[in-house]
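[1] Next one to model:
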Amino acid sequence: MSFGHGTMFGLQSAYFPELFGTRVRYSGASFGFQTAAALGGGFSPIIATALAGTMGGTTGVSMMLILLALITFVAALCARETKSESLLGWRERGTSCKARLLLEPPPIQPQATASEYAVPPRPGDTLL
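    The predicted model follows:
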């Protein structure tokens, strides 16, 4: 049990942050991981208890674990490979995604200096 647990978390700590852009890398990985842990850790024991009581043994729990393993397998197959992608954010790469606009704040624009707002004097103006 301990060997499998360490192996799983070792891979996840490198894999999950890779799925997000550099600006939201650790926020995205942490939010997804913590949400999944809360939902999976909260509802799985309730569902497993109900299945064990309904089916009269561990068959229902085994079927639930097989289903969850299949969902994980399909999700891993659908995830994109990031080894050849640039570390620059999606804005710098020129891609667009409306969902990412919700995750990443707009870039901060540099402030104009006072000399950029100054109006040059016109001929005939008097200086006070």
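[2] Show me what the helix or strand hosting residue 35 packs onto, helices and strands only.
    Assigned by DSSP states H and E, residue 35 belongs to helix 25-55. Judged by 3 or more Cβ pairs under 8 Å, 6 or more residues apart in numbering; DSSP states H and E, the packing partners of helix 25-55 are helix 2-18, helix 59-78. Backbone N, C-alpha and C define where each C-beta goes, glycine included.
[3] closest one to residue 85 among those helices?
    Closest to residue 85 of the helices and strands packed on helix 25-55, according to Cβ to Cβ: helix 2-18, at 8.8 Å.
[4] can you list the weak-confidence ranges in this protein?
    1, 86-121, 125-128 (pLDDT under 70).
[5] rerun that using 80 as the cut-off
    The model of the chain has pLDDT under 80 over residues 1-6, 8, 19-23, 79-128.
[6] which residues touch residue 60?
    Residues counted as contacts of residue 60 (Cβ atoms under 8 Å, 6 or more residues apart in numbering) are 48, 51, 52, 54.
[7] And it, how close does it get to residue 54?
    From residue 60 across to residue 54, the span is 6 Å (Cβ to Cβ, to the nearest Å).
[8] just residue 14 next, same as before
    Residue 14 is 39 Å from residue 54, by Cβ to Cβ.
[9] Ok, residue 69 next?
    21 Å.
[10] ditto for residue 20
    For residue 20 relative to residue 54 (Cβ to Cβ), the value is 39 Å.
[11] Neighbour count: those two, which is higher?
    Neighbours per residue (other Cβ atoms under 10 Å) separate residue 20 from residue 54, with residue 20 holding more: 22 against 10.
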